[in-house]
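[1] with the sequence up front, the predicted model follows.
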Amino acid sequence: MDDVREALRDGLREEAAPISRRLAEVKGLSNNAIRRLEGIEGTLAAEREARIDDLTLLVDLLTEGWRSLNARLERIEEQLGQRPENVVPLRGSAA
């Protein structure tokens, strides 16, 4: 009976060892994939933040440009003393 048990254990060891090695390999590959995905996620988040910052700057520049244009038009109108009939005021449209 002991011989049967020993043979059974040996047989299970021989069969389980390759499975165990493959399982460890799959686990290692999974961990590697997770690390890479986390790296990609971090890169995407940084890129997204950078694009948001770029967009914020662009909106600020456009807004300031319109404000400057509006101020310049006001100065021109003051120098002219009156606004021609065919000129539409821009004041209030870029606030």
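    Everything's here; your move.
[2] any idea how far Ile40 is from Arg72?
    Taking C-beta to C-beta, to the nearest Å as the measure, Arg72 falls 47 Å from Ile40. C-beta: built from backbone N, CA, C; applies to glycine.
[3] do you know how far Val4 is from Glu15?
    16 Å.
[4] Ser68 now?
    In terms of C-beta to C-beta, Ser68 sits 80 Å off from Glu15.
[5] can you give me the helices in the chain?
    2-80 (DSSP state H).
[6] contacts only, for Gly39.
    Applying C-beta atoms under 8 Å, 6 or more residues apart in numbering to Gly39 gives no contacts.
[7] what about Glu77, neighbour count?
    When neighbours are counted by other C-beta atoms under 10 Å, Glu77 registers 15.
[8] what does Ser30 give?
    10.
[9] so what's the residue count around Val59?
    A count of nearby residues for Val59, using other C-beta under 10 Å, gives 10.
[10] right, I mislabeled it, should have said Glu74
    The number of residues packed near Glu74 is 13, by other C-beta under 10 Å.
[11] for Val87, see how far away it is.
    Relative to Val87, Glu74 is positioned 12 Å away (C-beta to C-beta).
[12] could you do Leu58 as well?
    Leu58 sits 28 Å away from Val87, going by C-beta to C-beta.
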